[in-house]
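Q: Need the 3D shape of this:
(one chain, ligands or ions: 1)
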Amino acid sequence: MTHSPAVRIDGKAFAAGVRGKVAARVARLREEHGITPGLAVVLVGEDPASAVYVRNKGIQTLEAGMASFEHRLPETTSEADLLALIARLNADPAVHGILVQLPLPPHLNADPVINAIAPAKDVDGFHILNVGLLGTGQKAMVPCTPLGCLMMLRDHLGDLAGLNAVVVGRSNIVGKPMAQLLLGESCTVTIAHSRTRDLASVCRGADILVAAVGRPEMIPGDWIKPGAVVIDVGINRVEREGRMRLVGDVDFASASLAAGAITPVPGGVGPMTIACLLANTLTACCRANGLPEPEGLTV
Ligand code: GUN
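A: A predicted model of the protein is given here:
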């Protein structure tokens, strides 16, 4: 069968649209209610990739008209000191969202730290309460990357009910919450992973394929059902022809020949994650103040 090349889903443009909607509502909150949403980001240690993310989060938070509070703690910070900071941020009325950048240094266990964040301020959606709310179809804070993926899928496909969705990857940050969101849209959901038998044929059944495994270009075009919508969450640094490049978990060149639509790497899912973090901070602020939630920015 001949097939026209896939539509390239432009995550950069989509994210700019989300940030624009957030900024417009933030401006109205200030004018009409004198409220400024605030996001606190906590970075422990010196991981260079994390430092870049945290800086970008701070810049985009300010650009949206929100308040940004950055807390940089030394690599040697104790769990007690980190928990004390979180307790202060939980009690601070100017802070509507709290994010502790992961990974933490090896001596710190992420679970007790994440579960110390007030669930209503947990803009990552990682707190056990938010995980449970999402899993039972109740109003939750939804993890940013899967939320961004869902926004793009809804934009491209409209109603997702009845479609076969395959999520490759079972992480707590992407795979599992993505599967829950797709189930909430009445998709038939399969979660596949590194131990799945005959991954190729599982993928070939997907109308929606979400790749979140962290293995460069592991999904080739001949695993993709003609016309499927492919969301590539992978961001892998590889050396090609002597240069470092970013590639996804999907082989973009061959996948583009089969898919109906596909997100590129870079410029696909990546920019949506921070845009959704801003959206979640705005949502948390509206909920905290008993105001209507922003339209089109929540599930
Ligand atoms: N590190 C990489 N991605 C994320 C994320 O979405 N949230 C947090 N807190 N840390 C991360």
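
Q: Identify the residues contacting the closest residue to Leu257 other than its chain neighbours.
A: The spatial neighbour of Leu257 that comes closest, neighbours along the chain excluded (Cβ to Cβ, 6 or more residues apart in numbering), is Gly221 at 5.5 Å. Yep, even glycine has a C-beta here, placed from its N, CA and C like the rest. By Cβ atoms under 8 Å, 6 or more residues apart in numbering, the residues touching Gly221 are Asp251, Ala253, Ser254, Ala255, Ser256, Leu257, Ala258, Ala259.

Q: Sort out which of those are buried, if you could.
A: Neighbour-count burial (16 or more other Cβ atoms under 10 Å) applied to the contacts of Gly221 gives Asp251, Ser254, Ala255, Ser256, Ala258, Ala259.

Q: So the second one: helix, strand or coil?
A: Yep, that's Ser254 we're talking about. helix (DSSP: H, G, I helix; E, B strand; the rest coil).

Q: isn't it right up against Ile219?
A: No - under the criterion of Cβ atoms under 8 Å, Ser254 is not in contact with Ile219, lying 9.3 Å apart.

Q: from the chain, which residue is nearest to the ligand?
A: As assessed by Cβ to the nearest ligand atom, the ligand sits closest to Leu102 within the chain, at 3.6 Å.

Q: In contact with that residue, which residues?
A: By Cβ under 8 Å, 6+ apart, the residues touching Leu102 are Ser50, Ala110, Ile173.

Q: same thing but 10 Å
A: Val44, Asp47, Ser50, Tyr53, Ala110, Val113, Ile114, Asp124, Phe126, Ile173 (Cβ atoms under 10 Å, 6 or more residues apart in numbering).

Q: Between those residues, which sits nearest Leu297?
A: When the contacts of Leu102 are ranked by distance to Leu297 (Cβ to Cβ), Asp124 comes first, at 15.8 Å.

Q: so the residue nearest to the closest one when sequence neighbours are not counted is in which element?
A: Distance criterion Cβ to Cβ, 6+ apart; nearest residue to Asp124, sequence neighbours excluded, is Leu99 at 5.5 Å. When elements are assigned from DSSP states H and E, Leu99 belongs to strand 97-100.

Q: I'd like to know how many residues surround the residue lying closest to Glu46 once chain neighbours are set aside.
A: Excluding the flanking residues, the one nearest Glu46 by Cβ to Cβ, 6+ apart is Glu75, at 6.1 Å. Here the number of neighbours of Glu75 (other Cβ atoms under 10 Å) works out to 13.

Q: isn't Glu75 right up against Ser50?
A: No - the criterion here is Cβ atoms under 10 Å, and Glu75 misses it with Ser50 at 11.5 Å.

Q: what's Glu185 in contact with, if anything?
A: Counting by Cβ under 10 Å, 6+ apart, Glu185 touches Leu150, Leu153, Arg154, Leu157, Asp159, Leu160, Ala161, Gly162, Leu163, Ala165, Ile208, Val299.
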